[in-house]
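I would like to see how this sequence folds:
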Amino acid sequence: MAEVGPDGNVWVLDWYNYIVQHNPTPNGFKNGKGNAYETKLRDKRHGRIYRLVYTDAKEEATTAPKLSVDDPAGLVKALQHSNMFWRKHAQRLLVERGNTDVEAALVANLSNTEVDAIGLNVGVIHSLWTLQGLDLIKPGTKTFEAVLRTLKHPSSGVRRNALLVLPKDKSSVAAILESGLLNDSDAQVRLAAVLAISDQDTNVAAGTAIAALGRDPVTMADRWLADAVTAAAATHAVPFLQLISVVEQKTKTELPARTRSAVRIVSEHIARGRIDNESLVGLIEALQKADSVVAGEMIAGLSTGWPADHKLQLPEAVSNQLLTLLAKLPSENKAQLVQLSQRMGSDVLAEKAREIATELAMRVADGKLDVEARMAAANQAVAISPNDSSVVDALLEQITPQAPPELAKGIIEAFAASRAKEVGVKIVNRFAMLTPAARQAAVRLLMARADLIRI
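As a prediction, the model looks like this:
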């Protein structure tokens, strides 16, 4: 390993151990302490330490400063030392000292706009963290205003660290949005800005900004930025979902795949958090303007995460909007919307259940769809209309010698949620034409649900 030492030179530790791994154990060896195989080639006593010295280094860079809690001015000065070893010690001593008499000097450091050869201003960065460690960055103070000014520092490293030390407050959110750092030229700064927003309280303006990032294919193609956007969207869930669902009439560009995934994740998150009536009404109104794909992702997430005991009183106008929404959704999402409305305590879509179940049964019969989609449709058809014998009959008609074995097995397993009369008898009557896999599924189902074959 190699590190910069206290003298500013590079120290290299070379531990010459011929055998370093524990396992696998070679033939002819036995395991000993720590389950490592025993061998005389393990050497834990000998090693070398090299020191690489730059002969033209300035004396101040190689001379250890004298740090003392009794010399606060010297500690503040050491925050700008060229060796991070001493900068971190100075920062630690200032924070452990716990005295705020250095606040003015630290704030003065923040006004330094110089940038070194690698684009940093280390003195400003360490001053920021020292102020944060002393709990001096509080909204409404001159120190807080000085920290906000560093959001526009020429060093990307300073901008990033300034974001990280901001306290949880609406003025912090406003400053982040005003600074434009969500669109900074440095990806690490953009990441820090999104994560900083994710740590703030729910804010409409923040949700709007995150929704704009969610529409950007470049942002959502970045693994880390996409995850950060999802985290921030979960914090500002309602405004994010309301804005991301609106179709841009001018461009009508399709949302990136990662954004659609984020919509489903955030929708499930907000449902599990027991969304209130007002927020849900806002989402349903937004869904009216959403395209069918985005609306489907939201419905799927809400349906997955909705607690069974969470009931809401929806206004009549909202219930009517559910009917309108139902018409625009794909068949697979219609079932989820009906189930969701029932969980919410609304029966406005109950009469549509059989109609939708019939549509889903037709999807099961559609040989152009892949097997997984047909199996999913079977599960949804039974779930949305569990007491309907006609749904059972329609699905059983798809179990033929020509049907894919996985589909036949999936249809049988879907009947676990059925409450229709004689479903067990109907399965038994078709037992002879079932594939071996489907027969096993049928036996498991009938043994688990003895009520299915009671007459």
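
make it CA atoms for all contacts and neighbour counts henceforth
Will do.

Find the residue ranges of the chain scoring beneath the pLDDT cut-off.
247-252, 331-332, 452-455 (pLDDT under 70).

go with 50
Regions of the chain meeting the criterion pLDDT under 50 cover residues 249.

Could you point out the longest helix of it?
Counting residues, the longest helix found in the chain (DSSP state H) is helix 257-272.

Name the residues of that helix that are buried.
258-272 (16 or more other C-alpha atoms under 10 Å).

could you dump that helix to PDB, C-alpha only?
Extracted C-alpha coordinates of helix 257-272, given in PDB (Å, rounded to 0.1, in the frame of the first residue of the first chain):
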ATOM      1  CA  ALA A 257     -36.800   3.200 -19.100                       C
ATOM      2  CA  ARG A 258     -35.100   4.000 -15.800                       C
ATOM      3  CA  THR A 259     -37.600   6.900 -15.300                       C
ATOM      4  CA  ARG A 260     -40.600   4.500 -15.800                       C
ATOM      5  CA  SER A 261     -39.000   2.200 -13.300                       C
ATOM      6  CA  ALA A 262     -38.600   5.100 -10.900                       C
ATOM      7  CA  VAL A 263     -42.200   6.000 -11.300                       C
ATOM      8  CA  ARG A 264     -43.300   2.500 -10.300                       C
ATOM      9  CA  ILE A 265     -40.900   2.500  -7.300                       C
ATOM     10  CA  VAL A 266     -41.900   5.900  -6.000                       C
ATOM     11  CA  SER A 267     -45.600   5.000  -6.500                       C
ATOM     12  CA  GLU A 268     -45.200   1.900  -4.400                       C
ATOM     13  CA  HIS A 269     -43.200   3.900  -1.800                       C
ATOM     14  CA  ILE A 270     -45.900   6.500  -1.400                       C
ATOM     15  CA  ALA A 271     -48.600   3.900  -1.100                       C
ATOM     16  CA  ARG A 272     -46.800   2.000   1.600                       C
END
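
So which other helices or strands are in contact with it?
helix 217-221, helix 223-235, helix 237-244, helix 292-305 (3 or more C-alpha pairs under 8 Å, 6 or more residues apart in numbering; DSSP states H and E).

what comes into contact with the helix or strand just after that helix?
Going down the chain from helix 257-272, the next helix or strand is helix 277-287, by DSSP states H and E. Applying C-alpha atoms under 8 Å, 6 or more residues apart in numbering, the contact partners of helix 277-287 are 238, 241-243, 245-246, 295, 312-314, 318, 321-322, 325.

and if you look at stretch 442-455?
Here stretch 442-455 has contacts from 409, 412-413, 416, 421-425, 427, 431, using C-alpha under 8 Å, 6+ apart.

tell me how far the ends of stretch 285-294 are from each other?
14 Å (C-alpha to C-alpha, to the nearest Å).

And for stretch 206-221?
Stretch 206-221 end-to-end distance (C-alpha to C-alpha) = 21 Å.

Name the residues of it that come out as buried.
Under 16+ other C-alpha under 10 Å, the buried positions of stretch 206-221 are 206-211, 213-215, 217, 219-220.

gap between stretch 107-126 and the chain center?
33 Å (C-alpha atoms, centre = their mean, to the nearest Å).

and what of stretch 297-304?
On C-alpha atoms, centre = their mean, the centre of stretch 297-304 falls 16 Å from that of its chain.
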